[in-house]
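Visitor: Sequence first, then the predicted structure, then my questions.
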Amino acid sequence: LEDAAAVHNIIGIVENIVEIRPEAAGEFCDKPGLLRWLLKRVAPRRETDNNKLYAAEVLAILVQSSEENRQRLGDAEGVDALLRAVAPYKARSGP
C-alpha cells in the first residue's frame, strides 16, 4: 500500500511539472526510462488500479505535449504496447 502511494506521488509530480512547464515533457522522456516505466505500468498483465489509470493519463499528456515523445513512443514499440493494453477492453465491448 505504501509502494502504491509512492508510485502515485511520483506520477503526480511528473504531471504537475509538465503542467507548469510544458517543455519539460520532452526532457522527462529524453532518456527512455520514464517512457518504458509508464508503458510497463499500463501493460495488460497488470491489474487495473488507480496507478495504472494515472500512468496512462500521464503517458497521454507526455506524448501529446511533444513531437519528440511521439517519436520516442514509436521507437520504444509503445504503440504496440498500448494496443495490447486496450485489447481486453475491446474484447469486452462486443462487435
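Guide: Received the coordinates, thanks.

Visitor: Closest to the centroid, which residue in the protein?
Guide: The residue lying closest to the centre of the chain (Cα atoms, centre = their mean) is L59, at 2.9 Å.

Visitor: now that one, what's its secondary structure?
Guide: Classification of L59 using DSSP: H, G, I helix; E, B strand; the rest coil returns helix.

Visitor: change the start of the numbering to 838 and stick with it
Guide: Sure, I'll start numbering at 838, so the last one becomes L896.

Visitor: For D867, see how far away it is.
Guide: Distance, L896 to D867, using Cβ to Cβ, to the nearest Å: 16 Å. Just so you know, the C-beta spots here come from the backbone N, C-alpha and C atoms, and that holds for glycine as well.

Visitor: show me where this protein has helices.
Guide: In the chain, the segments counted as helices under DSSP state H are 839-857, 861-865, 869-878, 887-902, 904-912, 915-930.

Visitor: Tell me which residues of the third one come out buried.
Guide: With burial defined by 16 or more other Cβ atoms under 10 Å, the residues of helix 869-878 counted as buried are 871-873, 875-876, 878.

Visitor: Quick check: closest non-adjacent residue to the residue nearest to the centre of the chain.
Guide: L875 (4.4 Å; Cβ to Cβ, 6 or more residues apart in numbering).

Visitor: Please report how far the one you found lies from E914.
Guide: As judged by Cβ to Cβ, L875 and E914 stand 14 Å apart.

Visitor: buried ones in the worst-scoring helix or strand of the chain on mean pLDDT?
Guide: Least confident helix or strand, the chain: helix 915-930 with a mean of 82, by mean pLDDT, DSSP states H and E. Buried residues in helix 915-930, defined by neighbour count with 16+ other Cβ under 10 Å: 915, 918-919, 922.
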